[in-house]
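need a structure here:
(one chain, ligands or ions: 1)
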Amino acid sequence: MDSKKDIRALTKDQLREFFQKQGDKAFRGNQVYEWLWQKSAHSFEDMTNISLKTRAMLKQNFVINHISVDTMQRSFDGTIKNAVKLYDGLVVESVLIPTESRTTACVSSQVGCSLDCKFCATARLKRMRNLNPDEIYDQVVAIDNESRLYHDRPLSNIVFMGMGEPLMNYNNVLKAIDKITSKEGLGMSPKRITLSTSGVPKMIRKMADDEVKFNLAVSLHSARDEVRTQIMPFNATFPLNDLRSSLEYWYSKTKKRITYEYVVWQGINDQKEDIDALIQFCKFAPSKVNLIEYNPIDDGEFQQADESAVQEYIRELERHNIVVTVRRSRGKDIDAACGQLANKS
Ligand code: SAH
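Numbering: from 1, shown residues only. Have a look, this model is predicted:
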């Protein structure tokens, strides 16, 4: 591996300073920064308004680490899955999900995952490392390009629902979002970005203190500790009471509605007491429930509940004036659906 520093790890100010120290104009830093971020240059040769001498000097000092889309698979429903190779050869996946009105990028934040949700394929990979901000940003750019190419429109939304737990790589995720939303990056509105977390109370509080402007989704799956701990064992460390108070804090600070992601499984959370617990949990802060279809991950331990159980959830939630939506799986045929990202290819 190259021991030179990745130039994209520098902030704009650091780049300006670098050029000043070289006896050049600070403004050169702005030009290079624009090449790196707005124009997504993959090499110093691309930087045509920078002198050959300066380009050679940059090449001596830095590398430009860039992801590369290793394989791209397209589902019959228009979903696209990218296997993305990182500078050190590790691979993560990201997904483009088109609907009639929007194109959503589902991006990864870690290689593997340190959490142990029993129903998720990524959990079986173990966490290998956190992604750098530029590796997250590049996934979004790659999907934006594919969206323009295959669907004739730019990317409209981003969800952090790929591999990894974004709140376990909070600083880098935040830096990536800063870049995605800044005028010097993609200029996207934070309102179109959703971070999905399995629920790390300490970090939810931190996010609230940071007054972030993007949306929050929490993978709840059960509002009963004994059930949640069984399917998401880290719940023993961060029980529902802690989660709940961190979410109350989030709402008090941001006034932003929380989305709960929820799969209904046969014999696990398909009883009336499960529904009652969820309704109670939804009452302390404005929220919405997103019922997700289960995507089997081969061993058959979990099974999607009967449609009648799902309908019962919908009926009861609506009766209590809780907004509920149902998310149908997309891209199942290419293992691109929620919880199926595991670098199979
Ligand atoms: N670590 C984050 C984001 C990744 S998962 C989180 O836990 O929220 C994105 C969503 O897919 C989560 O709600 C997760 O619980 C859900 N999920 C995981 N495995 C699944 C599966 N096999 N079928 C359906 N949804 C799944």
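
every contact and neighbour count from this point should use C-alpha atoms.
Noted.

what does the pLDDT read for the residue of the stretch 1-150 of the chain found nearest the ligand?
Scanning the stretch 1-150 of the chain for proximity to the ligand using CA to the nearest ligand atom identifies Cys120 as nearest, at 3.6 Å. At Cys120, the pLDDT value in this model is 91.

now for it, how many residues are close by?
Burial of Cys120, expressed as a neighbour count using other CA atoms under 10 Å, amounts to 23.

in this structure it contacts Ala337, no?
No. Counting by CA atoms under 8 Å, Cys120 does not reach Ala337; the two are 10.8 Å apart.

and the helices in the protein?
Using DSSP state H, the helices of the chain run over residues 12-21, 27-37, 52-61, 133-151, 170-181, 201-209, 225-231, 240-254, 272-282, 307-319.

with distance to Arg102, mean pLDDT and mean neighbour count added, can I get those in JSON lines?
Listed next are the helices of the chain as JSON lines, based on distance: least, CA to CA, whole Å; pLDDT from 0 to 100; neighbours: other CA atoms under 10 Å:
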{"stretch": "helix 12-21", "distance to Arg102": "32", "mean pLDDT": "96", "mean neighbour count": "17"}
{"stretch": "helix 27-37", "distance to Arg102": "24", "mean pLDDT": "94", "mean neighbour count": "19"}
{"stretch": "helix 52-61", "distance to Arg102": "39", "mean pLDDT": "96", "mean neighbour count": "14"}
{"stretch": "helix 133-151", "distance to Arg102": "10", "mean pLDDT": "95", "mean neighbour count": "20"}
{"stretch": "helix 170-181", "distance to Arg102": "17", "mean pLDDT": "96", "mean neighbour count": "20"}
{"stretch": "helix 201-209", "distance to Arg102": "26", "mean pLDDT": "97", "mean neighbour count": "18"}
{"stretch": "helix 225-231", "distance to Arg102": "32", "mean pLDDT": "97", "mean neighbour count": "17"}
{"stretch": "helix 240-254", "distance to Arg102": "25", "mean pLDDT": "97", "mean neighbour count": "18"}
{"stretch": "helix 272-282", "distance to Arg102": "27", "mean pLDDT": "97", "mean neighbour count": "17"}
{"stretch": "helix 307-319", "distance to Arg102": "25", "mean pLDDT": "96", "mean neighbour count": "15"}
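
distance to Ile292 added to those helices, as TSV?
What follows is the helices of the chain, written out as TSV (distance: least, CA to CA, whole Å):
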stretch	distance to Ile292
helix 12-21	41
helix 27-37	35
helix 52-61	48
helix 133-151	23
helix 170-181	24
helix 201-209	22
helix 225-231	16
helix 240-254	20
helix 272-282	15
helix 307-319	10
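
Val264: which of these is closest?
Between Val264 and these, the shortest separation by CA to CA is 6.7 Å, and it involves helix 307-319.

so the closest one versus helix 272-282, what angle?
Angle of helix 307-319 versus helix 272-282, following axes from the mean of the first three to the mean of the last three CA atoms, to 10 degrees, is 30 degrees.

renumber starting at 37 from here on
Okay, residue one is now 37; in that scheme the one you just asked about reads as helix 343-355.

helix 343-355 packs against which elements?
helix 308-318, strand 359-363 (3 or more CA pairs under 8 Å, 6 or more residues apart in numbering; DSSP states H and E).

wait, which of these is closest to the ligand?
Shortest distance between the ligand and these, using CA to the nearest ligand atom, is found for strand 359-363: 9.7 Å.

redo the helices and strands packed on helix 343-355 as TSV? Include distance to Tyr296.
As requested, these are arranged in TSV below (distance: least, CA to CA, whole Å):
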stretch	distance to Tyr296
helix 308-318	9
strand 359-363	9
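
I'd like those written out as CSV, with distance to the ligand added.
Formatted as CSV, the entries for the helices and strands packed on helix 343-355 read as follows, by distance: least, CA to the nearest ligand atom, whole Å:
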stretch, distance to the ligand
helix 308-318, 15
strand 359-363, 10
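
which residues of the chain lie near the ligand?
155-156, 197-201, 232-234, 254-255, 297, 329-333, 374-376 (CA under 6 Å from any ligand atom).

go with 5 Å
In this structure, the chain approaches the ligand at residues Cys156, Met197, Glu201, Ser232, Thr233, Ser234, Ser255, Tyr330, Asn331, Cys374, Gly375, judged by CA under 5 Å from any ligand atom.

which of the residues you listed tops the neighbour count?
Sorting the residues of the chain next to the ligand by how many neighbours each has (other CA under 10 Å) puts Glu201 first, at 27 neighbours.

quick one: contacts for that one?
By CA atoms under 8 Å, 6 or more residues apart in numbering, the contact set of Glu201 is Ser145, Gln146, Cys149, Ser150, Leu151, Ser232, Thr233, Ser234.

now swap in Lys292 and tell me
Going by CA under 8 Å, 6+ apart, the list of residues near Lys292 reads Asn251, Trp286, Pro322.

from the contacts of Glu201, which two are the most distant?
Pairwise distances among the contacts of Glu201 were taken by CA to CA; the largest, 15.2 Å, belongs to Ser150 and Ser232.

show me the contacts for Pro134.
By CA under 8 Å, 6+ apart, the residues touching Pro134 are Gly114, Thr115, Thr140, His187.

top of those by neighbour count?
For those, the largest number of neighbours (other CA under 10 Å) sits with Thr140, at 24 neighbours.
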